[in-house]
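In: Build me a model from this:
(3 chains)
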Amino acid sequence: MSRTFLPAPYGPPRTVWDRINPVRLIGELSETRYWMYLLLLPSALLITAVVLYPTLYGMQMSFREMRLNRPDLGTGFVGLRHYERMLSDPVFWVSLRNTAVWVTFSIVIEFVVGLIAALALNRNLPGTKVLAVLILLPYFLPNVVAGHMWALMLDPRLGVINDLLVRIGLLEGYKAWFADPGTAMAAAIVVEAWHSFPFFTLLLLAGLKGIPTDLYKAADIDGAGPFAQLRLITLPMLRTIIAAAVILRVIGLVNSPDLLLILTSGGPGRSTQVLSLYAFQTAYRDFNFGYAGALSVVMFVFLMVFAWAYIRITKVNQE
Amino acid sequence: MMAQATRSRSKLFWDVASYALLLLLAFICIAPIVWTFLTSIKFEADIVTREMHYIPPRVTFENYVRLWNQSSYPVLVLNSLVVTSVTVLICLFTGTIASYAFSRFQFRGRTELMLGYLVVRMFPAVLMIIPLFIVMRQVGLLDSTIGLAIAYTSFLLPLFVWMLKGFFDAAPKELESAARIDGTTRLGAMFRIVIPIARNGLLATCVFVAIAAWNEFLFALMLTTSQGSRTWPVGLQLMVGEFQLPWGMLAAGGMISILPVVVLFAIVQRAMVAGITAGAVKG
Amino acid sequence: MSTLTLRGVRKSFGLLEVLHNVDLELEDGGFLVLLGPSGCGKSTLLSIIAGLEPASGGDVLIGERVVNDVHPKDRNIAMVFQSYALYPTMTVERNMGFGLEMRGVPTAERDGKVLDAARLLQVEHLLARKPGQLSGGQRQRVAMGRAIVRDPELFLFDEPLSNLDAKLRVEMRTEIKRLHDRLGTTVVYVTHDQVEAMTLGTRVAVMREGVIQQLADPQTIYDRPANMFVAGFIGSPAMNFISGVLEAGPGGPAFVYEAGRLRLSLPEPAMPRGVAMGRPVILGTRPEHLTLGSGSAARLSGTIDVVEPTGPDTMVVAMIGGQPVTARLPPRVALRPGEPVELAVDTSALNFFDPESGERL
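Out: This next block holds a predicted model:
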């Protein structure tokens, strides 16, 4: 039987002010066993209100008819109808395929470039601190500005990249990168990679600093070259951090349609339509909240399965 | 002797390669920003030309002046400032104490709750935005800066708590014990001792959340519908769509809006980087 | 009068009980060392005495007062922490005076007390600095100064020397001893270092898995350990243990070991009292109670395994009855590994333990 532990931090209240002084009262409260729960209460309530409740609401919405522009249809329960519709919705399947392309290529490029930058920065050569700041900067820039900067540089009439490519002879004439279904996705992935590779640099650099230098000295003595050291020491030591970074980044890529919304709105045609964008447009443009909800739930389930499988495969949870 | 020479030659090779690579990457990272800046100080006639001008032949601040005086940009920026400040304040008041509780106390449900704060980041934004739209409309917070700020806490508050926890964890727990023996309450130990120690981390965390709120686009697009509460990312995007905003003015808008980000990032860069890493690594 | 009394103090975290019914009393001006390996509950016990953690049962008395539900600051204690726990945002002066500040002591009086304590610990030239600008030893002194300023009824030390390097640790140990002699306050001191326990304590409580194994003055703990755990934990090199059987032979009682092939004759006074003959026992003897010599009746025979000169002594490990036995011998003994050796045993300092329970016989 555990005793309640309520040591009084102050003597008994002596004046009226002692009885109502809020600092004193909260101080008194802080010595109770429930203090940590009190500290957590405001944020927990807020997260319940703005995350848990809306998410559950959204999930049940996916089983209902809910069209803001068609109040005549009511908001009745329609069971799995939205999910059934999805199976025969060609846009859904195209979006799914595009999401896979979008996430896979973005992650690979971001990871490789991010790792190379982190390895180079970790050599701590003089003057590279400034370069580090410049290299990390894109990650902190707004999607809207990042999107328009690249739209400006890739513009079919006055884009500087077109001009440069023509000048060095790689391109015949100016190209409309975002208007051509064959290049729109690739161009968007370049912008995305530019924007987010510093995230990997940031995390991997921190991970690299945590690897004992003795390991590399030992490998030097054993005669392992730089690539062997990378493969046998660096990457295994970074395993946990790589897994964390990949999961966080995949969540971001799958969930946020921002950049594609700004760059292409899914076009031309459906060539850059990803799942999150489709769900957003279904809600924002068509006001079909029920179907948008169902699309989001499917996306969420995919993410959960991915995260679970990824952690299983990489076995990071063993540590 | 021979091995020594080979080794130093190989080191020299990698040093040179590193410099070359970092310079190239840094160039790629800032080239779009530089180009946007150059565009923003060109006359429209020098932007839309047959022959590309790499260096502006004439310099003008006309784009900035026109954007600021003839569009709703100042209002948008003001709205963004309000939303950002309110978001940071909410995180500061509710997130600091939550983070402190996670860092300092062992209690039933701690691990589960911390994991919960992490998992909510996996929830699709779209899934939350639609119900938030409905709920905000019901309680009259739709299309308001306060409502948008509250919506932002859905993904920024968990981030704030995790990031700040890394900074609190760095302060030894014995400090509270010492303070309580010295005569403070737990409340006093928190505010007089631990929070002052973590103030750099707190600042960095706030800046990170501020940048994220300042930059946010999707929630703002869905949850604001009028001039009264619209933030600059949405406003700028709509101007592009509706008025065929000239490139010069768009570039000027971009430069204005990233200025605070760049300045804040430069100031607290080091502490912030440490914090993001700590939060992410432990997650 | 006793300054600190614990009666049946228990502590559990969920189902795990980390302290079982701890009873102890510490007289006024005494220096109690809580000694044990990590995880034995000594630091938890200190936290309970300080009031930083509630006990799950039992009573803590400081002076005559039950302080179970008294806030740490009202227990009239001061504490020195392992990490020193100096407030990094405050100057040394404010750090030392913070306890008085919190108690509303006027500034002038506070400054005087801080200065006195700073002089005593020779840190008065550091008063304006922040803890971050101090060396480890200086931080240690300031942390002690902070405790002294308050002039408490009871000092608590939580492994205060474990973050210092070896040389400084010895220096500060002496300093703590000097301070205790000079101020005469009552101290509870937690450590896992047996040398600190032996040198500082007037009373030592050896703890293991939440139970006090033995509570006595240091010499008693060393000479007459209550069980094999205490015997093995105190002393370096550790006490030697040899299993065997007590037998009444033709030439008097003897300890027979190595499956009855070797015997060690014991004079009557060395025999443990009330132990039946023919009983298996474990004999414990400290390395310094073994000497070279075949003349003695009480001797152990074996083969030399390792010879380790340390300067003042040479440690010789011999295999006796298949078990390693260490002897502390004079320097420059001419012994080589592999040679047979005869070690004479000082039978006045023998310990016998029960092989089952490990308790002293």
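
In: In chain B, what residue comes closest to chain C?
Out: Chain B approaches chain C most closely through B:Gly183 (3.1 Å), counting by C-beta to the nearest C-beta. Placement of C-beta: from N, CA and C, glycine included.

In: Tell me the confidence at that residue?
Out: On the pLDDT scale, B:Gly183 is placed at 87.

In: for the one 4 residues further on, same thing?
Out: The predicted local confidence for B:Leu187 comes out at a pLDDT of 91.

In: Isn't the residue of chain B closest to chain C up against C:Val105?
Out: No - with contacts counted by C-beta atoms under 8 Å, B:Gly183 stays clear of C:Val105, the gap being 10.3 Å.

In: quick one: B:Ser103 and B:Met163 touch, right?
Out: No - counting by C-beta under 8 Å, B:Met163 is not a contact partner of B:Ser103; they are 11.6 Å apart.

In: So these two - more neighbours on which side?
Out: The neighbour comparison of B:Ser103 against B:Met163 (other C-beta atoms under 10 Å in any protein chain shown) goes to B:Met163, with 28 against 19.

In: can you tell me which helix in chain C is longest?
Out: Selection of the longest helix in chain C by residue count, based on DSSP state H, yields helix C:166-183.

In: Remind me what it packs against, helices and strands.
Out: Packing partners of helix C:166-183 (3 or more C-beta pairs under 8 Å, 6 or more residues apart in numbering or on different chains; DSSP states H and E): helix C:136-149, helix C:194-200.

In: looking at the ones you listed, which is buried most?
Out: Stretch with highest mean neighbour count among those: helix C:136-149 (a mean of 24; mean count of other C-beta atoms under 10 Å in any protein chain shown).

In: Tell me which other helices or strands whichever helix or strand comes after that one touches.
Out: Remark: after helix C:136-149, the chain's next helix or strand is strand C:154-158, criterion DSSP states H and E. Judged by 3+ C-beta pairs under 8 Å, 6+ apart, strand C:154-158 is in contact with helix C:42-50, strand C:77-80, strand C:186-191.

In: neighbouring strands for strand C:154-158, and are they parallel or not?
Out: strand C:77-80 (parallel), strand C:186-191 (parallel) (DSSP bridges).

In: which parts of the longest helix of chain C are buried?
Out: C:Leu168, C:Arg169, C:Met172, C:Arg173, C:Glu175, C:Ile176, C:Leu179, C:His180 (16 or more other C-beta atoms under 10 Å in any protein chain shown).

In: Check stretch C:274-282 too.
Out: Going by neighbour count (16+ other C-beta under 10 Å), the buried part of stretch C:274-282 is C:Val281, C:Ile282.

In: any residues touching that stretch, and which ones?
Out: C:228, C:241-248, C:253, C:255, C:272, C:352-355, C:358, C:361 (C-beta atoms under 8 Å, 6 or more residues apart in numbering or on different chains).

In: For the stretch 151-283 of chain B, what lies in contact range of chain C?
Out: Residues of the stretch 151-283 of chain B found near chain C (C-beta under 8 Å from any C-beta of the partner chain) are B:172, B:174-175, B:177-184, B:188, B:193, B:196-197.

In: Counting neighbours, which of the residues you listed comes out on top?
Out: Within these, most neighbours by other C-beta under 10 Å means B:Ala178, with 30 neighbours.

In: one step back: pLDDT of the longest helix of chain C, averaged?
Out: Here the average pLDDT along helix C:166-183 is 91.

In: next structured bit after the helix or strand encompassing C:Val230?
Out: Element membership for C:Val230, per DSSP H and E: helix C:228-233. Using DSSP H and E, the helix or strand that follows helix C:228-233 in sequence is strand C:240-249.

In: Partner strands of that next one and their direction?
Out: Note on strand C:240-249: by DSSP bridges, its sheet partners are strand C:252-257 (antiparallel), strand C:280-285 (antiparallel).

In: other SSEs contacting the helix holding C:Val230?
Out: Secondary-structure packing of helix C:228-233 (3+ C-beta pairs under 8 Å, 6+ apart): strand C:203-208, strand C:211-216, strand C:240-249, strand C:280-285, strand C:351-353.

In: Can I get that helix in CSV, CA atoms only?
Out: Presented in CSV, the C-alpha positions along helix C:228-233 are these (Å, rounded to 0.1, in the frame of the first residue of the first chain):
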residue,chain,number,x,y,z
MET,C,228,30.7,-13.8,2.4
PHE,C,229,29.3,-10.9,0.5
VAL,C,230,30.6,-8.4,2.9
ALA,C,231,33.9,-10.3,3.2
GLY,C,232,34.4,-10.3,-0.5
PHE,C,233,33.3,-6.7,-1.1
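
In: Check what contacts that helix and list those residues.
Out: Outside helix C:228-233, the residues that touch it by C-beta under 8 Å, 6+ apart are C:35-37, C:194, C:206, C:208, C:213-214, C:221, C:225, C:238-239, C:241, C:282, C:284, C:351, C:353, C:358.

In: low-scoring pLDDT stretches of chain B, where are they?
Out: Residues of chain B meeting the criterion pLDDT under 70: B:1-7, B:271-283.

In: Determine the longest helix present in it.
Out: For chain B, the longest helix by residue count, based on DSSP H, is helix B:2-40.

In: As CSV, the helices and strands packed on helix C:228-233 with mean pLDDT would be great.
Out: Shown next, in CSV, are the helices and strands packed on helix C:228-233 (pLDDT from 0 to 100):
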stretch, mean pLDDT
strand C:203-208, 94
strand C:211-216, 93
strand C:240-249, 85
strand C:280-285, 89
strand C:351-353, 90
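
In: Just say which of those strands is most tucked in.
Out: strand C:203-208 (a mean of 24).

In: Which residue is it, in the stretch 151-300 of chain C, that comes closest to chain B?
Out: For the stretch 151-300 of chain C, C-beta to the nearest C-beta, closest residue to chain B: C:Asp158, 7.9 Å.
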